[in-house]
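> Can you look at this prediction? I've put the sequence above it.
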Amino acid sequence: MVSIERFVRVKSLAEAYELNQERMNTVLGGFMWLKMGNRKIENAIDLSGLSLDTIEETGEEFSIGCMCSLRTLELHEGLHHAFQGVIREAVHHIVGVQFRNGATVGGSVYGRFGFSDVLTCLLALDCYVELYKGGIVPLHEFATMKSDNDILVRIHIKKDGRKASYQSQRITRTDFPIIAAAAAKKDNTLFISIGARPGKASLLIKDDCLLDENSADDEIAALAEWARDQYKYGSDIRAGQEYRRHLAFVYVKRALQEILRGVTA
Amino acid sequence: MIINIWLNGRQLTREIEADLLLIDFLRNNGCYSVKRGCETSNCGLCSVLLEDKPVLSCSTLAARADGKHVYTLEGLQPQAEEFGSFMADQGAEQCGFCSPGLVISVLAMEKELNNPSDEEIKEYLSGSLCRCSGYMSQLRAIKLYLDRKGAQEYERN
């Protein structure tokens, strides 16, 4: 069980950042995953007094505060319509409503967890993280960065008109995914991410993709095979390496079919 | 640290440890309907309403409820009794272990969703695990309960 000496509801990001420089201090997200650990925390830094729990929509982007719950993300009509329901699809399997009311998008993304549906999904979109000191960083770069003591303040998703699809498989409905795949297409560029391999998701970009709604199944399957082969897979208690590799092909193919033809075969 | 919580409509001021979980705070203050189940944020047994939203009290720090309204079944007696009796009359309960969390979730769903479909009900309640796997009888009774409430509402209007 995690132990906490002091709970500090900070009044500013500067205060949070300063506190977070000490090794024994940590920023609280939703506390869902953190509470499962065995850490001794001196100062638990709570950002919930900083009004970072909302989603702001402009003509160009969505700006999502780090303390926004996964449930808020799931229910946001603007996000739902802008990205064909892909974000709702990515989060609605996560445990239950009670869990998603507590879990935060900042915690999910900052943790860069291997099992993360959220990270896998957002990578396929034109997504950026806003760090207090580090500024605005593309999510795909952030996903490969080592953890440091910066504060993730907001997530920005650009409305660039890309079509996206999210697919995942679980052993039981509310469990972690055993594979998660997202694909998106803008003009002739494809964005694919595969997570829960069980390693964390990373982004694959393919330019000059000439596939369209008239492309043959074989062509789509060939691209899905290529994408599958760009990643390494592993085994854990939920699924074996070979099974995951096979599922990656299946779900990338389905995601491509969905964004090209608007239907899942 | 000192926190102020509106618990079932009553304001409480208590000194707590920083790492006290909301479930322990609630039980320490007489709300024994809130039960510890899986402790891995999965089963929903410890569900309570925090600012009208269902949350897992086993995964929420009591400090985070400071200044907020928390409701447990103790504060929702008439509604809980109405739904609980209906479930019992319908033979939709088995061992009853999951009932406190399920009742909270159903009451929250009733407020949040208007005329939910079977799929919406199943999804909303997917975080409330039943050890007896009595999901079909629960679903049948919940649908009937919501239909009946809807009809009553219609008649009133």
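Perfect, I can see it now.

> okay, CA-based contacts and neighbour counts for the rest of this
Will do.

> which stretches of chain A form helices?
A:13-20, A:70-75, A:77-82, A:86-91, A:97-102, A:105-111, A:117-123, A:139-142, A:217-229, A:241-261 (DSSP state H).

> Near chain A, which residues of chain B are found?
B:17-19, B:40-42, B:44, B:47, B:53-56, B:59-61, B:63, B:123-128 (Cα under 8 Å from any Cα of the partner chain).

> for the stretch 151-265 of chain A, which spans come out with low pLDDT?
A:263-265 (pLDDT under 70).

> State which strand of chain A is the longest.
Criterion DSSP state E: the longest strand present in chain A is strand A:177-186.

> circling back: taking the residues of chain B next to chain A one by one, which sit in strands?
Per DSSP E, the residues of chain B next to chain A map to strands at B:Ser47, B:Lys53, B:Pro54, B:Val55, B:Leu56.

> Read off the pLDDT value for the second one.
At B:Lys53 the predicted local distance difference test score is 97.

> in chain A, what residue is nearest chain B?
A:Gly96 (3.7 Å; Cα to the nearest Cα).

> what's the domain layout of the chain?
Because you didn't say which chain, this covers chain A. A:3-46, A:55-158, A:163-261 (automatic domain parsing).

> could you do chain B instead?
According to automatic domain parsing, the ranges for chain B are B:2-74, B:77-156.

> Excluding chain neighbours, what is closest to the residue nearest the centre of chain A?
In chain A, the centroid-proximal residue (Cα atoms, centre = their mean) is A:Leu119; its distance is 1.6 Å. Counting by Cα to Cα, 6 or more residues apart in numbering or on different chains, A:Leu119 lies nearest to A:Val109, which is 5.8 Å off, once chain neighbours are set aside.

> which ones are touching the one you found?
Contact partners of A:Val109, counting by Cα atoms under 8 Å, 6 or more residues apart in numbering or on different chains, are A:Ser116, A:Val118, A:Leu119.

> Apply 10 Å and report the result again.
A:66, A:116-120, A:122, A:129, A:139, A:142-143, A:152, A:155 (Cα atoms under 10 Å, 6 or more residues apart in numbering or on different chains).

> Please point out which parts of the longest strand of chain A sit buried.
Neighbour counts over strand A:177-186 (16 or more other Cα atoms under 10 Å in any protein chain shown) mark A:Pro177, A:Ile178, A:Ile179, A:Ala180, A:Ala181, A:Ala182, A:Ala183, A:Ala184, A:Lys185 as buried.

> For it, which strands pair with it and how are they oriented?
Under the criterion DSSP bridges, strand A:177-186 sits next to strand A:163-170 (antiparallel), strand A:189-195 (antiparallel) in its sheet.

> Longest helix in chain B, by number of residues?
helix B:135-156.

> Need the mean per-residue confidence for that one.
88.

> Determine how far it lies from the middle of the whole chain.
17 Å (Cα atoms, centre = their mean, to the nearest Å).

> Restrict that helix to CA atoms and write it as PDB.
Output in PDB follows, covering the C-alpha atoms of helix B:135-156 (Å, rounded to 0.1, in the frame of the first residue of the first chain):
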ATOM      1  CA  TYR B 135     -26.300 -10.400 -14.300                       C
ATOM      2  CA  MET B 136     -29.300 -11.600 -16.400                       C
ATOM      3  CA  SER B 137     -31.700 -11.500 -13.500                       C
ATOM      4  CA  GLN B 138     -30.300  -8.100 -12.400                       C
ATOM      5  CA  LEU B 139     -30.700  -6.700 -15.900                       C
ATOM      6  CA  ARG B 140     -34.300  -8.000 -16.200                       C
ATOM      7  CA  ALA B 141     -35.300  -6.400 -12.900                       C
ATOM      8  CA  ILE B 142     -33.500  -3.100 -13.600                       C
ATOM      9  CA  LYS B 143     -35.200  -2.800 -16.900                       C
ATOM     10  CA  LEU B 144     -38.600  -3.400 -15.200                       C
ATOM     11  CA  TYR B 145     -37.800  -1.000 -12.500                       C
ATOM     12  CA  LEU B 146     -36.800   1.800 -14.900                       C
ATOM     13  CA  ASP B 147     -39.900   1.100 -17.000                       C
ATOM     14  CA  ARG B 148     -42.100   1.300 -14.000                       C
ATOM     15  CA  LYS B 149     -40.400   4.500 -12.800                       C
ATOM     16  CA  GLY B 150     -40.800   5.900 -16.300                       C
ATOM     17  CA  ALA B 151     -44.500   5.100 -16.400                       C
ATOM     18  CA  GLN B 152     -45.000   6.700 -12.900                       C
ATOM     19  CA  GLU B 153     -43.200   9.800 -14.100                       C
ATOM     20  CA  TYR B 154     -45.400   9.900 -17.300                       C
ATOM     21  CA  GLU B 155     -48.600   9.600 -15.200                       C
ATOM     22  CA  ARG B 156     -47.400  12.400 -12.900                       C
END
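
> how about that helix: buried residues?
B:Tyr135, B:Ser137, B:Gln138, B:Leu139, B:Ala141, B:Ile142, B:Lys143, B:Tyr145, B:Leu146.

> Next, format those residues as TSV and append distance to A:Lys11.
Output for the buried residues of helix B:135-156, formatted as TSV (distance: Cα to Cα, whole Å):
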residue	distance to A:Lys11
B:Tyr135	45
B:Ser137	49
B:Gln138	45
B:Leu139	45
B:Ala141	47
B:Ile142	44
B:Lys143	46
B:Tyr145	45
B:Leu146	44
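
> Chain A: which of the residues you listed is nearest?
Closest to chain A, out of all of those and judged by Cα to the nearest Cα, is B:Tyr135, at 13.7 Å.

> so who does that closest one touch?
B:Ala92, B:Glu93, B:Lys122, B:Leu125, B:Ser126, B:Ser128, B:Leu129, B:Ala141.

> and the least confident of those?
At the low end of pLDDT for the contacts of B:Tyr135 is B:Glu93, which has 85.

> For the stretch 151-265 of chain A, which residues are neighbours of chain B?
For the stretch 151-265 of chain A, the contact set with chain B under Cα under 10 Å from any Cα of the partner chain comprises A:Arg173, A:Thr174, A:Asp175.

> Restricted to buried residues, select those residues in PyMOL.
Typed into PyMOL, the line below selects the buried ones among these, using 16+ other Cα under 10 Å:
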select buried, chain A and resi 174
